[in-house]
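Peer 1: Need coordinates for the below:
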Amino acid sequence: MINPNARAPAAHVPALARILADDSFPNGERAALKRMALDGPAPLALHRFLLRYIDEPWQADVWLSDWRALICALALQREGGFTTERPLGQALAEARFAESRLERLLAAQGDTLRALALRAARQLSSKGIACDWRQFAELLFSRNAEARERINARIARDFYRNLKTKEE
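Peer 2: This is a model prediction of the structure:
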């Protein structure tokens, strides 16, 4: 059972992005977190990171795959890549993320969701586009169908509000 005083995963994101972007964070640890795959043995850097920076109730094995995708995505971003001023959907539109990929991302669950979300994070990283990664966390950690639909709707609306068509 989750401690009611524990922060939600999305609430961890600003601090995690700052930690990963900080010059004092070891480069070897950051590199290991960037390179980690979503399957196979997790690097020790992930376990150290989880124990140091994630509230204990969220360290349970059931959340490990979601943390793995989120922390890898954050580690990939330049200078933390976090801003509250650009929602995830807007960032994806600015990165020219394909509508078909967005549709697959928002329909996916489990391992497929984590893989597609990490691909989106890699695209944002390659374009150097910072965004509000709390929405990414909400997408990964959502287990409630209604909440998930709200998250999907928010991402899709922000995407289409900011999508530049070929005519523009």
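Peer 1: residues contacting residue 28?
Peer 2: Applying CB atoms under 8 Å, 6 or more residues apart in numbering, one finds that residue 28 lies in contact with residue 45. Every residue, glycine included, has its C-beta placed from N, CA and C.
Peer 1: and it, which of the three is it?
Peer 2: Per DSSP: H, G, I helix; E, B strand; the rest coil, the local secondary structure of residue 28 is helix.
Peer 1: State the distance from it to residue 75.
Peer 2: Distance of residue 28 to residue 75, given as CB to CB, to the nearest Å: 12 Å.
Peer 1: cool, residue 84 as well?
Peer 2: 20 Å.
Peer 1: for residue 157, same thing?
Peer 2: From residue 157 to residue 75 the distance is 28 Å (CB to CB).
Peer 1: More neighbours: which of the two?
Peer 2: residue 75 (27 against 13; other CB atoms under 10 Å).
Peer 1: What pLDDT does the model give that one?
Peer 2: On pLDDT, residue 75 comes in at 97.
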